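> take a look and give me a structure for this.
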Amino acid sequence: MSFAPFVLKAQDDAHQTATKKNTTLKPREQYGKTDQVYKVVEKSATFPGGVAAMHQYLQKDLNISDSKTADQQRYFFSFIVEKDGMITNIELLRPKEVSVEQGIKVKQALTALSNMPNWIPGEQAGEKMATSYVLPITM
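Residues are numbered from 1 along each chain as shown. Here you go, the predicted structure:
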């Protein structure tokens, strides 16, 4: 899978940043998903195996550890967990601009998120619902 969610923008001769293009990875319309998306439901969507399993998956896929280092930054990604558990509409929310080095990390995270197994969808009154999810990742 290839995608280019960032455009290089020269700020001066010595410094370049990558600015987020208006790009969504795995747009839900491409998969025929048109249901309403909810932000809050009675039972939130969950990764199979829970939060600990999700952390383990991301640590393995992104090669990150629990120990913090000075060069780490927190990134916020949003996506939709569809009624069938599929992950769609994956986007970087923050930061809006990243360095070229950070852009490589972000691309790796977007790939890891797009390859996640299907989640257990959120529910409202016992009915499965498409829900939005924001996931912070420090790397």
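> buried ones in the longest helix along the chain, by neighbour count?
Taking DSSP state H as the criterion, the chain has its longest helix at helix 100-114. Buried residues in helix 100-114, defined by neighbour count with 16 or more other CB atoms under 10 Å: 102-103, 105-107, 109-113. To be clear about C-beta, it is placed using only N, CA and C from the backbone, and glycine gets the same treatment.
> please apply the same query to stretch 38-56.
For stretch 38-56, by 16+ other CB under 10 Å, it's 41, 45-47, 54.
> and it, how far out from the chain's middle?
13 Å (CA atoms, centre = their mean, to the nearest Å).
> where in the chain is the helix or strand with the lowest mean pLDDT?
Ranking every helix and strand in the chain by mean pLDDT, DSSP states H and E puts strand 6-12 at the bottom, with a mean of 38.
> related to what we said a few turns ago, which of the buried residues of helix 100-114 lies closest to T69?
K105 (12.7 Å; CB to CB).
> strands of the chain, start to end?
Assigned by DSSP state E, the chain shows strands spanning 6-12, 15-20, 37-38, 74-81, 87-94, 97-99, 122-124, 127-138.
> picking up where we left off before, mind putting the buried residues of stretch 38-56 into CSV with pLDDT and distance to L93?
Below are the buried residues of stretch 38-56 laid out as CSV (pLDDT from 0 to 100; distance: CB to CB, whole Å):
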residue, pLDDT, distance to L93
V41, 94, 20
A45, 97, 17
T46, 97, 20
F47, 97, 19
M54, 94, 18
